[in-house]
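J.: Quick one: sequence plus predicted model below, questions after.
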Amino acid sequence: MSDAVAYAYAVVRHDVEGLDEALADVVGVAGRPVHLVPQGPGSGLAAVVSTVPAQDFQESALRRHLEDLDWLETVARAHHTVIERLSAHTTVLPLRLATVYLDEDRVRGALREDSEMFTRALDRLTGHIEWGVKIYVEPRAETAGPVDPAADDGLGVGRAYLRARRAQRHSRDEAHRAAHQAAERVEEIGEAVAVGHARHRVQQGQLASEPGENVVNDAYLVARENAEAFRAEILRAAEGLSGVRVDVTGPWAPYSFATLPGTEPRAPDQAP
Amino acid sequence: MTDRPVDRLSSYPSRAASPYSQGGSSTNLADILERVLDKGIVIAGDIRINLLDIELLTVKLRLIVASVDKAKEMGIDWWEHDPSLSSRAHGDSELSLEIKRLRAEIEALKEERQLSSGKDEQVAEEKPAVRRRSAPRSSKSRRSAEARDE
């Protein structure tokens, strides 16, 4: 029995120069150092692992922790930091958060079991990065606020109100149409330049930190040599359109493309 | 042609060394969570947690996660009380309370119905056992009560 377990972040190629050094000063999940666990002789794969306290990562604790947003945020950011650091040096296959093994032998076993899939995915993703593309609808500020019935030019208060409401709705409709246009432009650019396209659910809720209504939340897999051009073009997609904002995030490790569509070992995405 | 972007990109770790990657503290948490929880490769670990639980959590997170800080500031802690998310922690007692409450509501509604159907049919006393199972679903609370009571 051991009081430590192995938290696996990602699968990478083992033969990458400088990877060990690159990980030397990275702080991973639970504040632990991060190291490589090679699959073994004859294999080019390695898992990226931290040794973490079992008491926090065994089933019941993990389940409880995952419901604690502080804990979740800390672990998610640490996980992401490790992935980021790796991405700077090599192609990374990120594993789902909280992939935990009893020990490193079990990690090696997991590598062996799926080595073919890992190798194929690494080959497919080499030289590519992921951009996040979000489109927001932002109806113009001057008409988005509460209706001001004082803007009365000879009409009664009621009619002025209705007219202002109509203008508001009009502005919203217009913004949505513009967003649609922007989305089409983005998809066109995507088709021309990107090699992969994934949809995320839109980010919503009154607490969404970004202003506006998120209507598109997608990810594109792009070859490194086209990455800057893609980003620049996407950022121009909202040019000349009012009430629409296009945000690009990244470059990300190819999180959204690590699994080929259709090969996911879980229920299909139920995005609305 | 191609070297400039590559240079910039391959240098993103050094950008990462700045705020970009201090645990990604400047990166939108929602963006990170939708990737680390929803995407990435799923392989079976030794420690098995029901992915469905996490996905459910994620769905809920989506409604709020864009600003966890703000949520905390506002004292929003739905995850503490949502039985679907924390069934083990708090769910049982809360759920049974809820069931009790709903049962009571059902009884109240039944009585009400018998009274009013009695009025309508003017034979209330003679037909005490008019227990049509599919009573008209008159209210939202009844609907949820029936659903819960199964």
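T.: On my side now, so go ahead.
J.: Correct me if wrong: A:Arg163 contacts A:Gly156.
T.: No. A:Arg163 lies out of contact with A:Gly156 (CB atoms under 8 Å); the separation is 10.5 Å. Backbone N, C-alpha and C define where each C-beta goes, glycine included.
J.: Name the residues linked to A:Ala6 by a beta bridge.
T.: Taking DSSP bridges, one finds A:Thr51, A:Tyr101 as the beta-bridge partners of A:Ala6.
J.: Just give me the neighbour total for it.
T.: Neighbour count for A:Ala6, taken as other CB atoms under 10 Å in any protein chain shown: 27.
J.: before we move on, what about A:Glu17?
T.: Neighbours of A:Glu17 (other CB under 10 Å): 9.
J.: next helix or strand past the helix or strand bottoming out on mean pLDDT in chain B?
T.: Lowest by mean pLDDT, DSSP states H and E among the helices and strands of chain B is helix B:12-17, with a mean of 36. The helix or strand immediately downstream of helix B:12-17 is helix B:29-36, counting by DSSP states H and E.
J.: returning to what we had before: which of A:Arg163 and A:Gly156 has more neighbours?
T.: Ranked by neighbour count (other CB under 10 Å), A:Arg163 and A:Gly156 place A:Arg163 first, with 16 against 10.
J.: Next up, the contacts around the more buried one.
T.: Shown in contact with A:Arg163 (CB atoms under 8 Å, 6 or more residues apart in numbering or on different chains): A:Leu155.
J.: what do you get for the one 10 residues further on?
T.: Shown in contact with A:Asp173 (CB under 8 Å, 6+ apart): no residues.
J.: My reading is that it is in a helix; is that accurate?
T.: Yes. A:Asp173: assigned to a helix according to DSSP: H, G, I helix; E, B strand; the rest coil.
J.: State the number of residues packed around the closest residue in space to A:Gly243 that isn't next to it in sequence.
T.: Distance criterion CB to CB, 6 or more residues apart in numbering or on different chains; nearest residue to A:Gly243, sequence neighbours excluded, is A:Ala175 at 3.0 Å. Residues contacting A:Ala175 under the criterion other CB under 10 Å number 25.
J.: cool, B:Glu107 as well?
T.: Neighbour tally, B:Glu107, other CB under 10 Å: 11.
J.: backbone phi and psi for the residue in chain A that chain B sits nearest to, please?
T.: The minimum distance from chain A to chain B, using CB to the nearest CB, falls at A:Ala88 (3.1 Å). Note on A:Ala88: backbone dihedrals following degrees, to the nearest 10 are phi -70, psi -20.
J.: Compute the number of surrounding residues for it.
T.: Neighbours around A:Ala88, by other CB under 10 Å: 20.
J.: what do you get for the one 5 residues further on?
T.: Other residues near A:Leu93 come to 30 when the count uses other CB under 10 Å.
J.: Please name the nearest non-neighbouring residue to it.
T.: A:Val11 (4.3 Å).
J.: Next: A:Val16.
T.: A:Thr90 (4.3 Å).
J.: Tell me which residues of stretch A:187-196 come out buried.
T.: A:Glu187, A:Ile189, A:Gly190, A:Val193, A:Ala194, A:Gly196 (16 or more other CB atoms under 10 Å in any protein chain shown).
J.: Give me the contacts around stretch A:233-249.
T.: Under CB under 8 Å, 6+ apart, the answer for stretch A:233-249 is A:131-140, A:171, A:174-175, A:178-179, A:181-182, A:185-186, A:189, A:193, A:210, A:212, A:231, B:27-28, B:31.
J.: Tell me who's in contact with A:Ser43.
T.: Counted by CB under 8 Å, 6+ apart, A:Ser43 has contacts A:His14, A:Leu111, A:Arg112, A:Ser115.
J.: Which residue ranges make up each domain of chain B?
T.: B:23-85, B:91-150 (automatic domain parsing).
J.: looking at those, which one has the lowest mean pLDDT?
T.: Among the domains of chain B, domain B:91-150 carries the lowest mean pLDDT, a mean of 56.
J.: Quick one: name the residues of the stretch 101-250 of chain A near chain B.
T.: Contacts of the stretch 101-250 of chain A with chain B, taken as CB under 8 Å from any CB of the partner chain, map to A:101-102, A:106, A:110, A:113-114, A:118, A:121, A:129, A:132, A:198, A:200-201, A:203-205, A:207-210, A:217, A:224-229, A:249.
J.: Return the member of the buried residues of stretch A:187-196 nearest to B:Leu115.
T.: A:Glu187 (60.3 Å; CB to CB).
J.: Three-state assignment for the residue nearest to A:Val16, please.
T.: With three-state DSSP as the criterion, A:Thr90 reads coil.
J.: Is it in contact with A:Asp20, as I believe?
T.: No. With contact defined as CB under 8 Å, A:Thr90 does not count as touching A:Asp20 (11.6 Å).
J.: Please identify which of those two sits among more neighbours.
T.: A:Thr90 (19 against 11).
J.: so who does the more buried one touch?
T.: With contact taken as CB under 8 Å, 6+ apart, A:Thr90 is in contact with A:Val12, A:Arg13, A:Val16, A:Leu19.
J.: Name the member of the residues you listed that has the highest neighbour count.
T.: For the contacts of A:Thr90, the largest number of neighbours (other CB under 10 Å) sits with A:Val12, at 23 neighbours.
J.: isn't it right up against A:Leu93?
T.: Yes. A:Val12 is within contact range of A:Leu93, at 7.2 Å (criterion: CB under 8 Å).
J.: just the helices in the stretch 151-272 of chain A please.
T.: Assigned by DSSP state H, counting those that start in this stretch, the helices in the stretch 151-272 of chain A fall at A:157-193, A:224-235.
J.: Against B:Leu33, how distant is A:Gly250?
T.: Separation of A:Gly250 from B:Leu33 (CB to CB, to the nearest Å): 15 Å.
J.: between the two, who's got more neighbours?
T.: B:Leu33 (25 against 20).
J.: is it true that the more buried one touches A:Ala76?
T.: Yes. With contact defined as CB under 8 Å, B:Leu33 counts as touching A:Ala76 (5.6 Å).
J.: Much appreciated, bye for now.
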